[in-house]
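K.L.:
With the sequence up front, the predicted model follows.
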Amino acid sequence: MHTDTTPKEKPTGSANNPAGHTDSEIVPNPAGADKAFDSLAARFALAGHTLTRSNPAHGAGLYYAGRWGLSRALPDLQAAAHFLAKIGGGA
């Protein structure tokens, strides 16, 4: 008779972390601002548009939606999401 003695608590090497997982982000990102922008930019891309942002160090941070060489300035990510819904790229 064979008895399996392999510990079952080993991490699998995937995103399924074991209980007590305490790793943190390598570079802290307050409030996930980059993730929200990246997600919205991907949704714009699926709708055939681009979403870029200005450098907030040079004044107020603005977002720009563009297509075919034309762009529209948007004051924040919420306005960008509303514009995306308006152009037919809603959730």
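P.N.:
In hand now; what should we look at? Numbers count the residues shown, from 1 in each chain.
K.L.:
so what's the closest residue to residue 46 other than its chain neighbours up against?
P.N.:
Among residues not flanking residue 46 along the chain, residue 89 sits closest, at 6.6 Å (C-beta to C-beta, 6 or more residues apart in numbering). In short, each C-beta sits where N, CA and C put it, glycine included. By C-beta atoms under 8 Å, 6 or more residues apart in numbering, the contact set of residue 89 is 43-44, 46-47, 49.
K.L.:
In this model residue 83 seems to touch residue 72, though I could be wrong.
P.N.:
Yes - contact criterion C-beta atoms under 8 Å: residue 72 and residue 83 qualify, at 6.8 Å.
K.L.:
For those two, work out which one has more neighbours and name it.
P.N.:
Taking neighbours as other C-beta atoms under 10 Å, residue 72 and residue 83 compare with residue 83 leading, 17 against 14.
K.L.:
The more buried one sits in which helix or strand?
P.N.:
helix 77-86 (DSSP states H and E).
K.L.:
From the contact counts, what lies against that helix?
P.N.:
Applying 3 or more C-beta pairs under 8 Å, 6 or more residues apart in numbering; DSSP states H and E, one finds that helix 77-86 makes contact with helix 33-46, strand 63-67, strand 70-74.
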